[in-house]
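# Below are the sequence and a predicted model for it; my questions follow.
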Amino acid sequence: MRPEPPSYWTGYNHRMWFRTARLSLAVLLTTLPAARAAQTPNTMNQAKGTFNVTVSAEKDSPVGRQILDKQYHGDLEATGKGEMLSAMSAVEKSGTYVAIEKISGTLQGRKGEFAVHHVGTMTRGRQSLLISVVPDSGTGQLVGLTGTMTIEIKDGKHFYAFEYSIPK
């Protein structure tokens, strides 16, 4: 004896449901490669060079507040203007800073502007620094720019390396 189907199945066209399900699955399987290709990240590029920075301290701030004025040279020919907040601890070589910087110029032949944010921490001389492009901040030929920058200081000279991607 065959069991009775549940009451919500009564009058339901099961063949039509299975046809619709098979068709939906077929559409999904044929569009999945295109969807994955659209999600494939862009090729990462690298820009390198030097920069000069002038830091001007703001007075009467409860934490260290500085104005940044930068000139980038190399693969990034640009100016950077920003503000930085910092705090040092009682322990020597320990502290932190955050900054926001607006960069305007040419990145490997592409002209525009973008913003980066800095988060730096030093614990007893051990440094950690993250500089990232602010999402959706690119303008002109830099729309869609993403990436991170590293900074190295050797013999008093500042160097940058910028790993970035721009949609095609």
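Structure received.
# domain parsing for this structure?
7-39, 45-165 (automatic domain parsing).
# Now mean neighbour count too, for those domains, in CSV please.
All C-beta atoms are positioned from the backbone trio N, CA, C, and that covers glycine. Formatted as CSV, the domains of the chain follow (neighbours: other C-beta atoms under 10 Å):
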stretch, mean neighbour count
domain 7-39, 9
domain 45-165, 15
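# rank those by pLDDT, which is bottom?
Among the domains of the chain, domain 7-39 has the lowest mean pLDDT, at a mean of 48.
# List the contacts of residue 100.
82, 83, 115, 116, 117, 118, 134 (C-beta atoms under 8 Å, 6 or more residues apart in numbering).
# try residue 66
Residues in contact with residue 66 (C-beta under 8 Å, 6+ apart) are 55, 56, 57, 58, 83, 84, 86.
# how close does the closest residue to residue 117 other than its chain neighbours get to residue 48?
Excluding the flanking residues, the one nearest residue 117 by C-beta to C-beta, 6 or more residues apart in numbering is residue 100, at 5.3 Å. Distance, residue 100 to residue 48, using C-beta to C-beta, to the nearest Å: 23 Å.
# follow-up on the earlier one: could you say which helix or strand contains the residue nearest to residue 117?
Assigned by DSSP states H and E, residue 100 falls within strand 95-107.
# partners of that strand in the sheet?
Partners of strand 95-107 in the sheet, by DSSP bridges, are strand 76-88 (antiparallel), strand 110-123 (antiparallel).
# now the helices for the chain?
Using DSSP state H, the helices of the chain run over 14-39.
# Format the strands paired with strand 95-107 as JSON lines; extra columns: distance to residue 146.
Below are those laid out as JSON lines (distance: least, C-beta to C-beta, whole Å):
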{"stretch": "strand 76-88", "distance to residue 146": "15"}
{"stretch": "strand 110-123", "distance to residue 146": "10"}
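# For residue 160, which of those strands is the nearest?
Of all the strands paired with strand 95-107, strand 76-88 sits nearest to residue 160, with 7.2 Å by C-beta to C-beta.
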